[in-house]
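Participant: Build me a structure from this.
(chains A and B)
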Number of protein chains: 2
Amino acid sequence: MINTLIRISYDGNNYNGYQVQANAPTVQGELERALSVIYKQSLRINGAGRTDAGVHARGQAANYHAPFYINVKKIPYALNSLLPFDIVVTEAGEVPEDFHARFAATRKIYSYTLDRAIFPQVMKRLYSLHLPAKLDLDIMSKAAGLFTGSHDFRAFQATGSRVVDTKRTLYRVELKERTEEQLLIFYFEGSGFLYRMVRLMTGSLIRVGLGCLTLAEIEAALKDGSQGAAGPTTPAYGLCLEKVLYDHMF
Amino acid sequence: MINTLIRISYDGNNYNGYQVQANAPTVQGELERALSVIYKQSLRINGAGRTDAGVHARGQAANYHAPFYINVKKIPYALNSLLPFDIVVTEAGEVPEDFHARFAATRKIYSYTLDRAIFPQVMKRLYSLHLPAKLDLDIMSKAAGLFTGSHDFRAFQATGSRVVDTKRTLYRVELKERTEEQLLIFYFEGSGFLYRMVRLMTGSLIRVGLGCLTLAEIEAALKDGSQGAAGPTTPAYGLCLEKVLYDHMF
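Facilitator: Numbers count the residues shown, from 1 in each chain, chains lettered A, B, ... in the order given. Alright, predicted model coming up:
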């Protein structure tokens, strides 16, 4: 068995999320279908991040154990020829036998994109949240700074989540303006993220920028888990899993 | 009657072109449907450029004669609330009674976008032609220079076109690399364009970049209309009508 890591990009709009489900199109389902054609048997693939319905990826990662050897340079071409146009495999490589794309991941980078044009930019509409309102970027950067570091993020997860350890480390929370394209992009790089955490933090940052939430309220939520500072949960279609990082060079 | 000019952007993927047709969704059809709701009667709208099926626009222009006055600042919001999400009106203004969006247009700017990544960028796939092959940009820029100026472009129109005067003036043919996004964009600014002329010129520029067409062949085609230098016609989904220019400030 050859443990193989692949990098995947996808347009999440047409999928009910990454993780396989009965009776709904998913990215994992499409990948496993394509793999079964190539390897002539059904295979299970382990995704690094189980992105929600509608969420995109430029750098999702996943591994599978192949029953026979195929030149890794050819794997993306073979898979892409079998996948729908909105899922594209960009890389493949061999990894150690016990490597697991999810458990081995040391960091993930997500982006959230806002369309800042007065009227929605049609060619961006599928990949960004249209928000033309005036935002105070300085105070938003300060709020982003509060999220950075190791905190108990229990206030910033969807209700009903049963994760026990809610401590996470964010290495970078950054606002980037792409003026020519009238986009404002948030980047979140962290050791891991709670359920809906990125979309809830994005909602908080937007409220701070609108003057509807104070830095003190975010600080309090990070200190004692107090409610009310998180969200609203921004729509899935603005979110993108940019990259999954591993300690080694694959 | 208040002659009104509007600016329109659209994602052409879901439309059978700009111009209204029976039994097929068109941008003009959607605009006229929305106008008929607002003005409570059917209205005809004159588009500046009759873009083909699948072609996009960021700056299409069109005018219509309104039976009663509506504040022009409110018109985009009113129309957008009635239009599908892939058509967005970005501006409206009053123009002289005899103004016609097509006949008054002095220049148009089109763009054609190539995705230069090794594998298609999923979030660009609906708006660009994927072409990872090595291209000689220097010689392509020289070819772009040959197109610039006043020429008889009869070799660069789709066969079957019945236009008599095939002389056009191009003020700018430019290649722009957007390295971070791995895009190569061609801009064509001209007094007017023959049918499929931009897509045929784009096909020629690509062949030059691949080393399959010489500058001399393009020169000859522009001088004596000789065949063989034009095209192939690149796909509609890479083309975008960026802007329609008028002599006055509307």
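
Participant: tell me which element residue A:109 is part of?
Facilitator: strand A:107-115 (DSSP states H and E).

Participant: Name the surrounding residues that touch the first helix or strand past that strand going along the chain.
Facilitator: Using DSSP H and E, the helix or strand that follows strand A:107-115 in sequence is strand A:129-130. Here strand A:129-130 makes contact (C-beta atoms under 8 Å, 6 or more residues apart in numbering or on different chains) with A:112-115, A:117, A:120-121, A:234-235, A:237-238. Bear in mind the C-beta positions are built from the backbone N, C-alpha and C, glycine included.

Participant: and which of those residues is nearest chain B?
Facilitator: Nearest to chain B among those is residue A:120, at 5.5 Å by C-beta to the nearest C-beta.

Participant: Any idea what the spatially most central residue of chain A is bridged to?
Facilitator: Note on chain A: the residue nearest the mean C-alpha position is residue A:241, at 2.8 Å, using C-alpha atoms, centre = their mean. Judged by DSSP bridges, the bridge partners of residue A:241 are residue A:57, residue A:110.

Participant: Give me the subset of the contacts of strand A:129-130 that also touch chain B.
Facilitator: A:120-121 (C-beta under 8 Å from any C-beta of the partner chain).

Participant: Nearest to residue B:54 among the contacts of strand A:129-130?
Facilitator: Closest approach to residue B:54 among the contacts of strand A:129-130 (C-beta to C-beta): residue A:121, at 18.6 Å.

Participant: That closest one: what's its closest spatial neighbour, skipping adjacent residues?
Facilitator: residue A:115 (5.4 Å; C-beta to C-beta, 6 or more residues apart in numbering or on different chains).

Participant: mind listing what the one you found touches?
Facilitator: Neighbours of residue A:115 in contact, by C-beta under 8 Å, 6+ apart: A:121, A:124-125, A:128-132, A:182-183.

Participant: For chain B, state which of these is nearest.
Facilitator: Chain B has its nearest neighbour among the contacts of residue A:115 in residue A:125, at 6.0 Å by C-beta to the nearest C-beta.

Participant: Report the contact partners of the residue nearest to the closest one when sequence neighbours are not counted.
Facilitator: Residue nearest to residue A:125 in three dimensions, not counting chain neighbours: residue B:85, with 6.0 Å by C-beta to C-beta, 6+ apart. Contacts for residue B:85 (C-beta under 8 Å, 6+ apart) come out as A:120, A:122, A:125.

Participant: top of those by neighbour count?
Facilitator: residue A:122 (23 neighbours; other C-beta atoms under 10 Å in any protein chain shown).

Participant: So that one sits against residue B:86, correct?
Facilitator: Yes. Using C-beta atoms under 8 Å, residue A:122 makes contact with residue B:86 at a distance of 5.7 Å.

Participant: Can you work out which residues contact both of those two?
Facilitator: With contacts defined as C-beta under 8 Å, 6+ apart, the residues shared by residue A:122 and residue B:86 are B:10-11.

Participant: Please parse chain A into its domains.
Facilitator: Domains of chain A are assigned by automatic domain parsing as A:2-104, A:107-244.

Participant: Between the two ends of the longest one, how far is it?
Facilitator: Looking at domain A:107-244, the gap from its leading to its trailing residue is 6 Å under the measure C-alpha to C-alpha, to the nearest Å.

Participant: For it, the averaged confidence score.
Facilitator: Averaging pLDDT along domain A:107-244 gives 96.

Participant: Near chain B, which residues of chain A are found?
Facilitator: Counting by C-beta under 8 Å from any C-beta, chain A sits next to chain B at A:9-11, A:56, A:58, A:76, A:80, A:85-90, A:118-123, A:125-127, A:240.

Participant: same thing but at 6 Å, please
Facilitator: A:9-11, A:86, A:88, A:90, A:119-120, A:122-123, A:127 (C-beta under 6 Å from any C-beta of the partner chain).

Participant: And the strands in chain A, which stretches?
Facilitator: Using DSSP state E, the strands found in chain A span residues A:2-10, A:45-47, A:56-66, A:87-94, A:107-115, A:129-130, A:149-152, A:167-178, A:183-190, A:239-245.
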